[in-house]
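Enquirer: Got a predicted structure here, sequence first:
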Amino acid sequence: MKKNTVCTILWRDAAYSFESKVPDGLPGPRLTTGFIIQTKDEYTFIATNVSYDKKTGEMSPVDGFIIPNKAILEFKKIGNYNE
């Protein structure tokens, strides 16, 4: 059975505003929990929902986030699903 790594990623994104006044501070950090699908030098792809085949242990991402590694504040492995 394949090990599927479950992690949390604490990250900070850019802010968007259409107001004429610039916000006083940066947006707060975001915490995303899910399955790591792919890691590259530039980004980490974390799926928050997956399609899962119980017989093979294979999963396919349904949706998720591609987070630039420069935006990641903390990366923590929780464990493996079907360990």
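Expert: Here it is on my side, so go on.
Enquirer: Pass me the low-pLDDT residue ranges in this protein, would you?
Expert: Counting by pLDDT under 70, the chain has low-confidence residues at 1-2, 83.
Enquirer: can you give me the strands for it?
Expert: Listed in chain order, the strands of the chain (DSSP state E) span 4-11, 30-39, 43-52, 59-68, 72-81.
Enquirer: Let me know how buried Lys77 is, in neighbour terms.
Expert: The local packing of Lys77 (other CB atoms under 10 Å) involves 10 other residues. Any C-beta I mention is one placed from the backbone N, CA and C, and that applies to glycine too.
Enquirer: What about the nearest residue to it once chain neighbours are set aside, how many residues nearby?
Expert: In this structure, Lys77 finds its nearest non-sequential neighbour in Cys7, 5.2 Å apart by CB to CB, 6 or more residues apart in numbering. Cys7 is flanked by 16 other residues according to other CB under 10 Å.
Enquirer: residues in contact with the residue of the chain most remote from its centre?
Expert: What lies farthest from the middle of the chain is Ser20; by CA atoms, centre = their mean that is 31.5 Å. The contact partners of Ser20, taken as CB atoms under 8 Å, 6 or more residues apart in numbering, number zero.
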